[in-house]
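Undergrad: Show me the folded form of this:
(3 chains)
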Amino acid sequence: MKAKDIALNGLFRQNPTLKLVLGTCPTLALTTLAMNGIGMGLAVTFVLTCSNIIISLLRNVIPSKVRIPAYILIIATFVTVIRMVLNKFLPDIAASLGTYLPLIVVNCIILGRAEAFASKNPVLASCLDGIFMGLGFMAALTLMGAFREFFGSGTLFGLKVMDFSIGFFVQPAGALFTYAVFIALYSLIFMAVTNRKKAPKTQTAPTTEKEVNGNA
Amino acid sequence: MAKKESTLRCVATLTIIAVVCAFLLSTLNFLLYVAPTVDALDGVYPALEGYNWEKTDTVDGNYGNGGKVTLAAVGKKDGGADYLGLIVTTDKSGKLNQSEYAMYFNLSTDTLEYAAFITEGATGGFNWEYAEAHGTGGGATTGATALTGLLSGNDNAAAEAELKVWNSFLNVKITSENVLDFTGSIPKTGATFTVTATYSAFNIAARYYYENYVKGGDGQ
Amino acid sequence: MEKLLISNTPHVRGKATTRRIMIDVMIALLPATVAGIVFFGWRAALTIVLALISAVASEVVFRLVKKESVKSIIKKYDFTSSVTGLLLGINLGSQSPWYTPILGSVFAIIVVKMLFGGTGKNFVNPAICGRVFLVMSFGAAVGSGWLEPSIPAFLPTESGNLSLLDLLIGTGVAGSIGETSKICLIIGGIYLVVRGVIDWKYPTIYILVTGLTLSIFKLDFSLFLPSILSGGLVLGAIFMATDYVTTPNTMTGNIVYFTALGILTGIFRAVSGGEAVSYCILLMNFTVPLIDRFIVPKPFGYIKPEKPKAAKEGKNG
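TA: The predicted model follows:
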């Protein structure tokens, strides 16, 4: 039950991109291609899972005064690791992510989850939280990337789909537009789901609300 | 009293985390080292636009003197002279240790034509125009004597005095006279220490060129 | 005139007033539209008609989706989307592919206007936004028109074969459909001033400041007249920048707004060498809330408080 909750939170209820609106910098900059979403999503999932595990393990050891520098050290280490791994084995993806790869260090999803979840929860839960938050981020980025790639370049995952394209969508203004559209759609679905849940059991919705406020 | 202890604990925790992380990263850095590819030589030297680089066998580029040649490639273009492009990676000595340099030799004139950083190493801030920045002035010493002086095992002070500006190394014809072994010992004065890695990089490149393109054949 | 400017408190304007203004604007655009069709031919007419129809259709469809009744849509229809469609149409080149006016109108009406709450709620001018959307997406295909002899739309002195009279009338000038004939635009502008729809001061400030800034930047005052008579400056100044919704509420605010707009356009034109009117208007549209935040109308009989309180003024207002 708990694991299911964590999974649902990461993927949907507290989706880091669409609900918590964290990590907007890579979201806006990298979603020109669907493939970027997968690459960035996997990199973030790796870093998030590893840093959550380590921070959760050390949560009683790290003095709260210096927790932020300690988290940053741990996160930076894993970012460097994933960077080296990608450079070695998947240089194409590393090149397309460019400078946003090292910038995962300051991605607020990771620090946010460390502070809000991993520092308060046991290892297994933190690990799951890292995995599902990362996957939620990846799903959002990939969907946005597919949308922008489809309309902006007429391709999907690099394959030609149509000859017609609207350049607006691959430009920065299109990124903000797409982000707004996705948040609107997400809120629509979110409201529909919570309303349906409200009908039989009135207590479910308020608790979700509380949780959202508490963790955001 | 309690406060002091907690400060100590904070510092200790951070130090331990930092040390563990650094250890992990340096191990992985060694394991996951990516050798430079010929793409690294492209676009560094503006005059060589449109050149096609082809990797050559890097014959033991390690002379045990502060770094090694990690990539050697010959660049060709219709209507242009052939070039040897080298990527030199320096060891852990001096400032800019573990930096990567691209060096370009003109194969028809046997001269070093261009050099530039590709990646800056652990400590940055090195000024190519080293001597100018430090007010020792340049110009009086010609390139050939600068290189000869540097590479001939002069003592540190002399070597530093002759390392005027990095441009001094340019257009130096690589001959048996000016390529001599640099023992690789690290000079102790601060200023010279600063340039050590860069200085090795030039030496290594010149040495490599001499060993592979001047010594054996080419009618020398 | 004064009663039509939106004053500090949002007043509910009668729909008859909005309708009358919009119909006036369309009448004022008529000479330039006709001139454009005469100069550029049937393709221009097609572009304008497509933009107009799809703008109106977008609004109607949006309202139908929001479950408004057909009767109320017709009753409440205030012609703003017709004006947007017409403005967008004459802002495009005559050689634009057929789908561009449609896409631009849909974007302008649905995204910029209706999603933000309809007439009076849009935070930027929909027609400008539609044009910028198309220029970003399809580039030169919609940005400038074509007419023999084709010359760069901006700074004709560089190509030299056009007289100032040509620029004024629009003969042989390349550009968007409605922007070439300055004389027709000015006639339309005079009509709007006479009907009390716009204030003559603001477009004048914008046009003059742009010409001055450009001349100062290029240190060449012979550029003054050609620069204000070329490109979309006159069209933008009279019909786009003066949009009530996206201009400040006070006279001081408006003077600041149009002066800044002129300086910005002049600098953009001088530095980039391209047409900058629509981007500059869009950019300045964003500053309107800021200007209104800091330039607040003085209440009647207001006496300036003593110094220590003066700092608070902005906040209280």
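
Undergrad: quick one, what contacts residue A:115?
TA: Neighbour list for residue A:115: A:67, A:71 [criterion: CB atoms under 8 Å, 6 or more residues apart in numbering or on different chains]. (Glycine included, C-beta is placed from N, CA and C.)

Undergrad: pLDDT score for it?
TA: Listed pLDDT for residue A:115 reads 90.

Undergrad: Can you point out the buried residues in the lengthiest helix in chain A?
TA: Assignment by DSSP state H gives helix A:123-153 as the longest helix of chain A. If you call a residue buried by 16 or more other CB atoms under 10 Å in any protein chain shown, then helix A:123-153 has these buried ones: A:125-153.

Undergrad: separation between residue C:104 and residue C:138?
TA: 9 Å (CB to CB, to the nearest Å).

Undergrad: Actually, residue B:27.
TA: Residue B:27 is 53 Å from residue C:138, where distance means CB to CB.

Undergrad: one step back: is the longest helix of chain A up against chain C anywhere?
TA: No. Judged by CB under 8 Å from any CB of the partner chain, helix A:123-153 makes no contact with chain C; its nearest approach is 8.6 Å.

Undergrad: Which of the three states applies to the residue of chain C found nearest chain A?
TA: Chain A sits closest to residue C:137 of chain C, with a gap of 4.2 Å, by CB to the nearest CB. At residue C:137 the chain is in helix, as set by DSSP: H, G, I helix; E, B strand; the rest coil.

Undergrad: Which residues are in contact with the one residue sitting closest to the centre of chain C?
TA: In chain C, the residue lying closest to the centroid (CA atoms, centre = their mean) is residue C:240, at 1.0 Å. Counting by CB under 8 Å, 6+ apart, residue C:240 makes contact with C:87, C:125, C:127, C:128, C:277, C:278, C:281.

Undergrad: Would you mind naming what in the stretch 101-250 of chain C lies close to chain A?
TA: Counting by CB under 8 Å from any CB, the stretch 101-250 of chain C sits next to chain A at C:103, C:111, C:133, C:136, C:137, C:138, C:139.

Undergrad: List the contacts of the second one.
TA: The neighbourhood of residue C:111, defined by CB under 8 Å, 6+ apart, consists of A:177, C:129.

Undergrad: hang on, it in a helix?
TA: Yes. Under three-state DSSP, residue C:111 sits within a helix.

Undergrad: Report pLDDT for it.
TA: Looking at residue C:111, its pLDDT is 91.

Undergrad: what's the spacing between it and residue A:27?
TA: For residue C:111, the distance to residue A:27 - CB to CB - is 20 Å.

Undergrad: do the same with residue A:198
TA: For residue A:198, the distance to residue A:27 - CB to CB - is 30 Å.

Undergrad: Number of residues surrounding residue C:182?
TA: Residue C:182 is flanked by 24 other residues according to other CB atoms under 10 Å in any protein chain shown.

Undergrad: swap that for residue A:191, sorry
TA: Residues near residue A:191, counting by other CB under 10 Å, number 10.

Undergrad: who in chain A is up against chain B?
TA: Residues of chain A lying close to chain B by CB under 8 Å from any CB are A:58, A:61-63, A:65-66, A:69-70, A:73-74, A:76-77, A:80-81, A:84-85, A:87-88, A:91.

Undergrad: Report the buried members of these.
TA: Using 16+ other CB under 10 Å, the buried ones in those are A:58, A:62, A:66, A:70, A:73, A:74, A:76, A:77, A:80, A:81, A:84, A:87.

Undergrad: from those residues, which single one is nearest chain C?
TA: Taking CB to the nearest CB as the measure, chain C lies nearest residue A:87 of these, at 34.2 Å.

Undergrad: Which secondary structure element is home to that closest one?
TA: Assigned by DSSP states H and E, residue A:87 falls within helix A:67-89.

Undergrad: Residue A:190 and chain C, how far apart?
TA: To chain C, residue A:190 is 19 Å away according to CB to the nearest CB, to the nearest Å.

Undergrad: got it, and residue A:165?
TA: With the distance defined as CB to the nearest CB, residue A:165 ends up 8 Å from chain C.

Undergrad: again, but for residue A:26
TA: From residue A:26 to chain C the distance is 22 Å (CB to the nearest CB).

Undergrad: Check whether that residue sits in a helix, strand or coil.
TA: Secondary structure, three-state DSSP: residue A:26 is helix.

Undergrad: My guess is it contacts residue A:103. True?
TA: Yes. Residue A:26 lies in contact with residue A:103 (CB atoms under 8 Å); the separation is 7.0 Å.

Undergrad: So for these two, which sits in the more crowded spot?
TA: Counted by other CB under 10 Å, residue A:26 and residue A:103 do not tie: residue A:26 has more neighbours, with 24 against 15.

Undergrad: just checking, what packs against the helix or strand encompassing residue C:29?
TA: For residue C:29, the element it lies in under DSSP H and E is helix C:15-40. The contact analysis (3 or more CB pairs under 8 Å, 6 or more residues apart in numbering or on different chains; DSSP states H and E) places helix C:15-40 against helix C:42-65, helix C:80-90, helix C:182-194.

Undergrad: Tell me which of these sits most buried.
TA: helix C:80-90 (a mean of 28; mean count of other CB atoms under 10 Å in any protein chain shown).

Undergrad: Got phi/psi on residue A:182?
TA: Residue A:182 adopts backbone torsions of phi -70, psi -40, taken as degrees, to the nearest 10.

Undergrad: Residue A:128 contacts residue A:5, doesn't it?
TA: No. Counting by CB under 8 Å, residue A:128 does not reach residue A:5; the two are 9.7 Å apart.

Undergrad: hmm, back to that, pipe the helices and strands packed on helix C:15-40 into a markdown table and attach mean pLDDT per row.
TA: Shown next, in a markdown table, are the helices and strands packed on helix C:15-40 (pLDDT from 0 to 100):
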| stretch | mean pLDDT |
| --- | --- |
| helix C:42-65 | 92 |
| helix C:80-90 | 92 |
| helix C:182-194 | 92 |
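
Undergrad: would you turn those into a markdown table with distance to residue B:214?
TA: Shown next, in a markdown table, are the helices and strands packed on helix C:15-40 (distance: least, CB to CB, whole Å):
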| stretch | distance to residue B:214 |
| --- | --- |
| helix C:42-65 | 70 |
| helix C:80-90 | 71 |
| helix C:182-194 | 73 |
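
Undergrad: Put together a markdown table for the ones you listed, with distance to chain B on each row.
TA: Below are the helices and strands packed on helix C:15-40 laid out as a markdown table (distance: least, CB to the nearest CB, whole Å):
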| stretch | distance to chain B |
| --- | --- |
| helix C:42-65 | 43 |
| helix C:80-90 | 43 |
| helix C:182-194 | 47 |
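
Undergrad: a helix runs through residue B:86, doesn't it?
TA: No. With three-state DSSP as the criterion, residue B:86 is strand rather than part of a helix.

Undergrad: From chain A, how far off is it?
TA: Residue B:86 sits 21 Å away from chain A, taking CB to the nearest CB as the criterion.

Undergrad: Give me the spatial nearest neighbour of that residue, chain neighbours excluded.
TA: Distances taken as CB to CB, 6 or more residues apart in numbering or on different chains put residue B:103 closest to residue B:86, at 4.6 Å, once the chain neighbours are dropped.

Undergrad: Tell me the confidence at the one you found?
TA: The score at residue B:103 is 83. That number is its pLDDT.

Undergrad: Next, count neighbours for it.
TA: Look at residue B:103: counted by other CB under 10 Å, it has 27 neighbours.

Undergrad: Give me the phi and psi for residue A:102.
TA: Dihedral angles for residue A:102 - degrees, to the nearest 10 - are phi -60, psi -20.

Undergrad: I am finished for the moment; much appreciated.
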